[in-house]
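J.: build me a structure from this.
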Amino acid sequence: MENRQPWLREYGGLVAALVAGALCRFWDLTGPSLFIDEGFVFHASDRPVHDVLMMVAYSDFHPPLFYLVTHYLMGFLHWPLWDYRYLTAAFSLLGIAATWAIARRFFGTTAAWFAGLALALQPALIEWDRLYRMYAVLVALGAVSWWLLVRAGDARGKNRWLWWTLYACSAIALPYVHYVGALVVLSQGLYAVTRLRTMWPVLVGDAAAAIALIPWLWAIRIQYPHGGLVIALRSSEFSWPHVIRASLVYGIPAAWVIRPDFDLFFSIVAMVLLLAGIYAARASVVPFWLFPIVIQVVASFATGKDLVIPRYLYVYVPAFCIAFGALCAAIAGTRYRVAVAALAAAYFGVAAVSIPNMLFVPFYQFPDWYQVNTLLLANEHKYDLIVLDQGAEYWVVYQFSGFSGHQIDAPALPSDLPLTMRWLDGYPKRRVWYIENQPGFTDPHRTLERHLDAVRRPVRMWRQNRIFTEDVVRIVLYGPRVLAAGKKRVVTTASP
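T.: Purely as a prediction, here's the structure:
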C-alpha cells in the first residue's frame, strides 16, 4: 500500500483528468447528426488528392493536412462518417496529458492536478473535441509540441536529438493543420531566443516549418482575400466580452447569458484570473504560449479580418489551464489556501453546470438534422422542391430519406442566389421547402426568402430553437406560385 501511494500522488491527477476528459468527450459521441462543417470535411476529402487540394484552396480557408489525412482514413477505414469523431476525440486526450505534464514539470504535482482537470472539463473544448474537425487536433498538437520542446530541452545524451526531431515534426505539422498553428510555432521560437544556449534547435525546427509551408503558398494567396471574414470586427454581432466567454465556456444557462451584464462580468473575472495565472507562471512557457493572442488582436485590426474567432483561440486554452493550476498551487502554499477552494468551486462549478447542458439538452447543442429529416418525412409531397440557405448543410442531409428523391438546390455563395431564384420560378406549381441555417454567409439579406414571400404563400413554418443564432434552423413550406397582389398569408407555426 505504501508503494502505491507515491504513484497515486504523482500520477493520480493524470488518470483522473484522462478519465474525466474521456467521459465528457465519448458520451453518445456518434448520436448527434453531423455538423455542417463536418459534412464539408467529408465532402472535400472524398475525392482524388489533386481535387482535395483544389477544393480546399478555392472553397475553404484552412490548410490541407486535415483533409488529406481524412482522405486516406476514409479510403482505409470505410467507417460511417460520424464514427470518425472517435479519432479526433481520442487525439484530444493527448492534449490533456501534455498539459498535465507541462504543469507538473514547472509547478509540481498540485498544479498538474488542477491544470489537467481544468482542461479535461473545459466546456468550450469539449464541445469542439466532439466534432470531426481540425480544432481538436490543433489544440492537442499545440500542447504536445510545447511538451516536446520542454522535454527536449531537459533531455541529455543521444535521446536529446530524438526529442528535438519529434518537436520539429510537430512544428512542421502545426501550420498545415491550421494557420493559427504557425503562431504557436512563432511563440516557441520566441521562447527559444530567451534561452538560446540550450534551445537553439527550436529555431531549426521552426525554420523547417517555414520552409515546409512554401509549397502551399500558391493556395494561401487564393484563400487570403476571403479568410477571416466570418464576423466583421465592426459588425453589431462582434463584442470582445462575447469572444472571451465563448473561448472558455459553452452550455452556460440561457438565463445567465441573456443578462446584459453577464458577458462583461464573466470577461473581467476571466481576465483577472488569466493575468494572475500568468504572473504565477511567469517563469514557464505560459506567457510565450499566450503571446500570439496579442498578435491575432493586432492583426485583426490591421487587416480587417476577424482572427479572434473563439475557435481560433482554443489552442491557447491549455496554457490558460496551466496558469490556473500554477495560481492554485502558489496560493495553496500560503496562509490564503482557503482561496484555492473558492477558485476550484467557481471554475469546476461552471463546468458542472455547462457540461450537462451540452451533452443532454438539445437547446444548447448544434442543429439536429435528424429531427429536420423526420419533419420532412411527415409532411413532404413527392414533387416538392427543397432549397437550403446556406448550402453547406447539403453535405449533411442529401442522403437522408426525407431529402433523397427531391430536387435540391443549395446556394453556397451570394452570386448563386439569382440562379436559385430562377430555378424556383421554373416550377410554379410545386411546393418549396425553404430550410435556413447560418444564412449570413450566403444570403445575409435573406434575398431568397423575400423572393419566395413575394410570389408564394407560406403554408407552414417550423423553427428548431437553439441558444445561439448560428445553430437555429428555420423551415418554411411554401405552396405553389400565386399572384403577389392576391396572396393571403395563412401560416401555422410549430417547433419540429
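
J.: which intervals of the stretch 151-300 of the chain have sub-threshold pLDDT?
T.: Scanning the stretch 151-300 of the chain for pLDDT under 70 picks out 228-238.

J.: for it, which segments count as helices?
T.: Ranges of helices in the stretch 151-300 of the chain, per DSSP state H, counting those that start in this stretch, are 159-177, 180-193, 196-212, 217-223, 240-248, 254-257, 262-280, 286-290, 292-303.

J.: turn those helices into a markdown table, including distance to residue 333 and mean neighbour count.
T.: All C-beta atoms are positioned from the backbone trio N, CA, C, and that covers glycine. Shown next, in a markdown table, are the helices of the stretch 151-300 of the chain (distance: least, Cβ to Cβ, whole Å; neighbours: other Cβ atoms under 10 Å):
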| stretch | distance to residue 333 | mean neighbour count |
| --- | --- | --- |
| helix 159-177 | 31 | 20 |
| helix 180-193 | 26 | 22 |
| helix 196-212 | 28 | 16 |
| helix 217-223 | 48 | 14 |
| helix 240-248 | 26 | 19 |
| helix 254-257 | 33 | 13 |
| helix 262-280 | 11 | 17 |
| helix 286-290 | 18 | 22 |
| helix 292-303 | 28 | 15 |
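
J.: how is the chain partitioned into domains?
T.: 42-364, 369-494 (automatic domain parsing).

J.: go through the helices of the stretch 151-300 of the chain and name the closest to residue 462.
T.: With Cβ to Cβ, the closest approach to residue 462 among the helices of the stretch 151-300 of the chain belongs to helix 254-257: 20.4 Å.

J.: touching, residue 205 and residue 164? I think so.
T.: Yes - using Cβ atoms under 8 Å, residue 205 is in contact with residue 164, at 7.0 Å.

J.: re the thing from before, let me know which of the helices of the stretch 151-300 of the chain is the nearest to residue 402.
T.: helix 254-257 (29.3 Å).

J.: next, format the helices of the stretch 151-300 of the chain as TSV and append distance to residue 106.
T.: Conversion of these to TSV gives the following (distance: least, Cβ to Cβ, whole Å):
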stretch	distance to residue 106
helix 159-177	17
helix 180-193	13
helix 196-212	15
helix 217-223	35
helix 240-248	22
helix 254-257	34
helix 262-280	10
helix 286-290	8
helix 292-303	19
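
J.: if we compare those, which one ends up closest to residue 409?
T.: That would be helix 217-223 among these, by Cβ to Cβ, at 25.9 Å.

J.: that closest one packs against which elements?
T.: Where contact means 3 or more Cβ pairs under 8 Å, 6 or more residues apart in numbering; DSSP states H and E, helix 217-223 is packed against helix 49-59.

J.: list the contacts of the helix it packs on.
T.: 44-45, 47, 62-64, 67-68, 71, 218-219, 222-223 (Cβ atoms under 8 Å, 6 or more residues apart in numbering).

J.: quick one: which of the residues you listed is nearest residue 350?
T.: For the contacts of helix 49-59, the nearest to residue 350 is residue 62 (30.1 Å; Cβ to Cβ).

J.: strands of the protein, residue ranges please.
T.: 385-389, 407-409, 432-436, 456-464, 473-481, 492-494 (DSSP state E).

J.: just checking, residue 357 touches residue 364?
T.: Yes - using Cβ under 8 Å, residue 357 is in contact with residue 364, at 4.2 Å.

J.: which one's more surrounded, the two?
T.: Taking neighbours as other Cβ atoms under 10 Å, residue 357 and residue 364 compare with residue 364 leading, 22 against 19.

J.: residue contacts, that one?
T.: 250, 251, 357, 358, 466, 467.

J.: go again using 7 Å as the cut-off
T.: By Cβ atoms under 7 Å, 6 or more residues apart in numbering, the contact set of residue 364 is 251, 357, 358, 467.

J.: what separation do you get for the third one and residue 44?
T.: Spelled out, that is residue 358. 27 Å (Cβ to Cβ, to the nearest Å).

J.: now swap in the first one and tell me
T.: When Cβ to Cβ is the yardstick, residue 251 and residue 44 sit 29 Å from each other.

J.: deepest-packed of the domains of the chain, please.
T.: domain 42-364 (a mean of 19; mean count of other Cβ atoms under 10 Å).

J.: hey, where'd the helices end up in the stretch 351-496 of the chain?
T.: Under DSSP H, counting those that start in this stretch, the stretch 351-496 of the chain gives helices at 369-379, 394-397, 417-425, 447-455.

J.: can you add mean pLDDT and distance to residue 8 and give those back as CSV?
T.: Below are these laid out as CSV (pLDDT from 0 to 100; distance: least, Cβ to Cβ, whole Å):
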stretch, mean pLDDT, distance to residue 8
helix 369-379, 97, 43
helix 394-397, 96, 45
helix 417-425, 96, 62
helix 447-455, 95, 60
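
J.: mind putting those in CSV, distance to residue 431 included?
T.: Listed next are those as CSV, based on distance: least, Cβ to Cβ, whole Å:
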stretch, distance to residue 431
helix 369-379, 10
helix 394-397, 18
helix 417-425, 11
helix 447-455, 11
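
J.: and residue 335, which of the ones you listed is closest to it?
T.: Of those, nearest to residue 335 by Cβ to Cβ is helix 369-379, at 55.0 Å.

J.: what does that closest one rub up against?
T.: With Cβ under 7 Å, 6+ apart, helix 369-379 has contacts from 33, 393, 396-397, 400-403, 433, 435, 462, 464, 473, 475, 477, 496.

J.: could I have the CA atoms of it written out in PDB?
T.: Extracted in PDB, the C-alpha atoms of helix 369-379 (Å, rounded to 0.1, in the frame of the first residue of the first chain):
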ATOM      1  CA  TRP A 369     -30.700  17.400 -38.800                       C
ATOM      2  CA  TYR A 370     -32.200  14.000 -38.000                       C
ATOM      3  CA  GLN A 371     -35.100  15.900 -36.500                       C
ATOM      4  CA  VAL A 372     -35.400  18.100 -39.600                       C
ATOM      5  CA  ASN A 373     -35.400  14.900 -41.700                       C
ATOM      6  CA  THR A 374     -38.300  13.400 -39.600                       C
ATOM      7  CA  LEU A 375     -40.200  16.600 -40.100                       C
ATOM      8  CA  LEU A 376     -39.900  16.400 -43.900                       C
ATOM      9  CA  LEU A 377     -40.900  12.700 -43.900                       C
ATOM     10  CA  ALA A 378     -44.100  13.500 -42.100                       C
ATOM     11  CA  ASN A 379     -45.100  16.400 -44.400                       C
END
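
J.: quick one: distance of that helix to the chain centre.
T.: 27 Å (Cα atoms, centre = their mean, to the nearest Å).
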